[in-house]
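1. build me a model from this:
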Amino acid sequence: MAGYDTVILSDLLHFDASHGVLLSSLTSLLRKTPDARAYVAAGKYTPAAVCEHFIREGETAGLSWEEGT
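-> Residues are numbered from 1 along each chain as shown. Take a look at the predicted model:
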């Protein structure tokens with residue numbers, strides 16, 4: 001099956017106008033298996049509403065999220 005098992009998005013969410021492109025890339029690159037993972041990190045300067053928007057849009061794109069530390 002094509003795709004990557006792990007994709008890392010670090011410090012990109014503050015570019016909120018790019019959320020659609022980021023999610024399109026993520027869903028294209030990530031392997032379509034239950035074990036595939038994306039690790040997403042946002043800087044402290046990224047407003048919570050911007051992060052929440054990315055999460056909601058990701059869910060609409062078929063992604064499910066788990067919060068980690």
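2. the nearest residue to residue 55 once chain neighbours are set aside: neighbour count?
-> Once flanking residues are discounted, residue 55 sits nearest to residue 65: 5.7 Å by C-beta to C-beta, 6 or more residues apart in numbering. All C-beta spots, glycine's among them, are computed from the backbone N, C-alpha and C. Residue neighbour count, defined by other C-beta atoms under 10 Å, stands at 12 for residue 65.
3. quick one: contacts for residue 65?
-> With contacts defined as C-beta atoms under 8 Å, 6 or more residues apart in numbering, residue 65 is in contact with 55, 58-59.
4. now do the SS call for it.
-> For residue 65, the assignment made with DSSP: H, G, I helix; E, B strand; the rest coil gives coil.
5. and the gap between it and residue 2?
-> Using C-beta to C-beta, to the nearest Å, residue 65 is found at 23 Å from residue 2.
6. contact partners for the residue nearest to residue 10 when sequence neighbours are not counted?
-> Of all residues not flanking residue 10 in the chain, residue 41 sits nearest, at 4.8 Å (C-beta to C-beta, 6+ apart). Contacts for residue 41 (C-beta under 8 Å, 6+ apart) come out as 9-11.
7. for residue 41, give me phi and psi.
-> The phi/psi pair for residue 41 (degrees, to the nearest 10) reads phi -130, psi 140.
8. distance-wise, check it relative to residue 14.
-> As judged by C-beta to C-beta, residue 41 and residue 14 stand 11 Å apart.
9. for residue 42, which non-adjacent residue is closest in space?
-> In space, and not counting its chain neighbours, residue 42 is closest to residue 13: 4.3 Å by C-beta to C-beta, 6+ apart.
10. contacting residues for the one you found?
-> 19, 22, 40, 42, 46, 50-51, 54.
11. the longest helix along the chain - contacts with which helices or strands?
-> Longest helix of the chain, by residue count under DSSP state H: helix 48-60. Contacting helix 48-60 under the criterion 3 or more C-beta pairs under 8 Å, 6 or more residues apart in numbering; DSSP states H and E are the following elements: helix 19-29.
12. quick one: mean pLDDT over the helix it packs on.
-> Average pLDDT, helix 19-29: 96.
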